[in-house]
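J.: Okay, here's the prediction I keep looking at, along with the sequence it came from:
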Amino acid sequence: MKTDSPSLYKPVGGAELEAARTVRFDNSFYEYPFRGPAEAWRIRHCLPVGLEAYGALVLPWRGYLETSTGWHRLRDEPFEGIGEAYTYLGRPVPSPLTLDAWQSDFRILEDVRTLRPLARSALDHFSRDADAIFVRCHHVEIHNWVIDRGLFLALSDPFVEMPQPFGTFGIFPRGVPWFIHHRDDASILYLGGSGALLARLESACPEQFVRLTLDDYYY
């Protein structure tokens, strides 16, 4: 936990966070009692149900391939998108490009958790009426924080400033025009929101964005 400087995130009570989290979750939502094997988990286990659209925003990642002598890193630099790794290897990019194909073809390790400026701009536009962003972090115990919306979206890596930067995160603006789920050991932000927001992200970040449904696998 960071202790060297004050955090931009302020502790908030669970009741206040729940009052701001005006969405509906499936009865298998991960905060609820465990209801099945982890390998069967789907997007409905980590995002609200009833939103217009769902997708994944890929963060920088490091790729490995399995060979007869073990796992080998593809290159020193992280990949920014999924298709970039196939192109680097001279392979055709799967069509459609899915998280399933990506997870099957590569071993993936997380890198820095930076959000591209165009993605932050889209999230900013579709939460412009909200004053604050709430974060629920599960790491040994539950932590609830709040941060000014403008401050959050000004950070290229909003996680590094969190009092506890590791764990499982649920992130949303007050009023919830969108909802983000992230686990620190995965290079993926899972998002749900309006159809217009997801279309904007797909257009702005085509190499990093993958469309999802509630029944797609959660990694």
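T.: Arrived safely.
J.: Helices along this protein, start to end?
T.: Ranges of helices within the chain are 14-20, 83-89, 99-105, 117-125, 149-154, 195-204, based on DSSP state H.
J.: what residue is smack in the middle of the chain?
T.: Leu189 (1.4 Å; C-alpha atoms, centre = their mean).
J.: isn't Arg73 right next to Thr67, touching?
T.: No. With contacts counted by C-beta atoms under 8 Å, Arg73 stays clear of Thr67, the gap being 11.3 Å. To be clear about C-beta, it is placed using only N, CA and C from the backbone, and glycine gets the same treatment.
J.: Between those two, tell me which one has more neighbours.
T.: More neighbours surround Arg73 than the other of Arg73 and Thr67, with 11 against 8 (other C-beta atoms under 10 Å).
J.: Break this protein into its domains for me.
T.: Using automatic domain parsing, the domain parsing of the chain gives 10-58+112-212, 61-110.
J.: Within its sheet, name the partner strands of the helix or strand bottoming out on mean pLDDT in the chain and how each one runs.
T.: Sorted by mean pLDDT, DSSP states H and E, the helices and strands of the chain end with strand 70-73, the least confident at a mean of 88. Strand pairing for strand 70-73, using DSSP bridges, gives strand 61-67 (antiparallel).
J.: Tell me the gap between the partner strand and the middle of its chain.
T.: Relative to its chain's centre, strand 61-67 lies at 21 Å (C-alpha atoms, centre = their mean, to the nearest Å).
J.: contacting residues around Asp124?
T.: Asp124 is in contact with Arg149, Leu153, counting by C-beta atoms under 8 Å, 6 or more residues apart in numbering.
J.: Okay, it and His45: tell me how far apart.
T.: Distance, Asp124 to His45, by C-beta to C-beta, to the nearest Å: 28 Å.
J.: The closest residue to Leu17 other than its chain neighbours: what's it in contact with?
T.: In space, and not counting its chain neighbours, Leu17 is closest to Asn144: 4.6 Å by C-beta to C-beta, 6 or more residues apart in numbering. By C-beta under 8 Å, 6+ apart, the residues touching Asn144 are Pro11, Val12, Gly13, Gly14, Glu16, Leu17, Phe134, Val135, Arg136, Cys137.
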